[in-house]
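J.: Structure for the following, please:
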Amino acid sequence: MKPAIPELLTGQTALITGASSGIGQAIAIAMAQAGARVVINFHSDEEGAEKTRQVVEKAGRKALVIQADVGSEEEVKKMVADAIDAFGSLDILVNNAGIQKDAPLSDMSLKEWQQVLDTNLTGAFLCAREAAIHFKKQGLREEHSLAAGKILFISSVHDIIPWAGRANYTAAKGGLMMLMKSLAQELARDRIRVNSISPGAIKTAINEQEWSQEEGKKKMLEQIPYGRIGDPEDIARAAIWLVSDQADYITGATLYVDGGMTLYPSFLGD
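T.: Here you go, the predicted structure:
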């Protein structure tokens, strides 16, 4: 049985990018269960975003669905402005939107490289910048949170584990780590906390072809000492805690939620 979500975010507004499916959808739903108003961003999956909205509202929380390409400066500015107009404030940004365009280096086009960097790294920068501008202007409101704002990047274990055939993806995730740390250092004086969660193997649509088949599942489990593949809710529960006041003294940190994937399981031995 999964543990209940504690109401740690009552009265706050959270914007989650890429919230129409997978990890982003689970985080949006969990944040609603934790008491937050939720802004649901999507790029192309409007049906998925609508499903997220329905579950959020069923939990008794307000929801706003916004279509935006996080790689577009103009669209990101409008998205953040519309979120604040709708709910009067913004307290949490979860930079979750991400894509993969896998190819060996010799076959990878500049377009495939640029598309992944635009969404996974530049998009995270643009959203973080706009959120930080608002957090500074809004200032500290201790009746809502001990921090003036919280920025959470959803990265990947591949911010430290190389992954052949996916140089664009790993470069973006590695860059995301230093972006997070640099922003955490810069914004701490403004009482803005910046952290990351790096998931391991999680059951989402992007890798369903692997975990839904016995052979693929077995191969994935060989890389996971804890003996199970993660669920999106595993990431969502960690996200709730990391943006809550229970984690107020944490900034500039990466939390690996991976069942031990980063423990080099090939060295486990017999």
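
J.: Wasn't residue 150 part of a strand?
T.: Yes: Residue 150 forms part of a strand when assessed by DSSP: H, G, I helix; E, B strand; the rest coil.

J.: Which residue comes closest to it once chain neighbours are left out?
T.: Spatial nearest neighbour of residue 150, excluding adjacent residues (C-beta to C-beta, 6 or more residues apart in numbering): residue 243 at 4.3 Å. For the C-beta atoms, the positions are set from N, CA and C on the backbone; glycine is no exception.

J.: Next, count neighbours for that neighbour.
T.: 30 (other C-beta atoms under 10 Å).

J.: what does residue 169 give?
T.: 21.

J.: can you tell me which helix or strand it belongs to?
T.: helix 167-187 (DSSP states H and E).

J.: The first helix or strand past that helix going along the chain: how far from the chain's middle?
T.: Next along the chain after helix 167-187, taking DSSP H and E as the criterion, comes strand 192-199. Between the centre of strand 192-199 and the centre of its chain there are 8 Å (C-alpha atoms, centre = their mean, to the nearest Å).

J.: So which elements touch strand 192-199?
T.: helix 123-138, strand 149-154, helix 167-187, helix 232-243, strand 254-257 (3 or more C-beta pairs under 8 Å, 6 or more residues apart in numbering; DSSP states H and E).

J.: ok, back up a step: gap between the residue nearest to residue 150 and residue 130?
T.: From residue 243 across to residue 130, the span is 17 Å (C-beta to C-beta, to the nearest Å).

J.: likewise residue 117?
T.: Applying C-beta to C-beta, the value for residue 117 to residue 130 is 19 Å.

J.: Looking at these two, which has the bigger crowd around it?
T.: Counted by other C-beta under 10 Å, residue 117 and residue 130 do not tie: residue 130 has more neighbours, with 22 against 17.

J.: Which residue, other than its chain neighbours, is closest to the more buried one?
T.: residue 80 (4.2 Å).

J.: Same check on residue 162?
T.: residue 170 (6.3 Å).

J.: quick one: the strands in the chain?
T.: For the chain, applying DSSP state E gives strands covering 13-16, 37-42, 63-67, 92-95, 149-154, 192-199, 254-257.

J.: which stretch among the ones you listed comes nearest residue 211?
T.: Residue 211 sits nearest to strand 192-199 of all those, at 13.5 Å, using C-beta to C-beta.

J.: Sheet partners, orientation included, of the closest one?
T.: strand 149-154 (parallel), strand 254-257 (parallel) (DSSP bridges).

J.: Reformat the strands of the chain as CSV; add mean pLDDT and distance to residue 186.
T.: Shown next, in CSV, are those (pLDDT from 0 to 100; distance: least, C-beta to C-beta, whole Å):
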stretch, mean pLDDT, distance to residue 186
strand 13-16, 98, 20
strand 37-42, 98, 24
strand 63-67, 98, 27
strand 92-95, 98, 15
strand 149-154, 98, 11
strand 192-199, 98, 9
strand 254-257, 98, 17
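
J.: do you know which of the ones you listed lies nearest residue 162?
T.: strand 192-199 (14.2 Å).

J.: so that closest one versus helix 232-243, what angle?
T.: Using axes from the mean of the first three to the mean of the last three C-alpha atoms, to 10 degrees, the inter-axis angle of strand 192-199 relative to helix 232-243 is 160 degrees.

J.: before we move on, back to that, could you point out which of the strands paired with strand 192-199 sits nearest residue 14?
T.: strand 149-154 (8.7 Å).

J.: Dump that closest one to PDB, restricted to CA.
T.: Extracted C-alpha coordinates of strand 149-154, given in PDB (Å, rounded to 0.1, in the frame of the first residue of the first chain):
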ATOM      1  CA  GLY A 149      10.000  30.300  -3.700                       C
ATOM      2  CA  LYS A 150      11.000  26.800  -4.600                       C
ATOM      3  CA  ILE A 151      12.400  25.600  -7.900                       C
ATOM      4  CA  LEU A 152      12.700  21.800  -8.500                       C
ATOM      5  CA  PHE A 153      14.400  20.300 -11.600                       C
ATOM      6  CA  ILE A 154      13.500  16.800 -12.600                       C
END
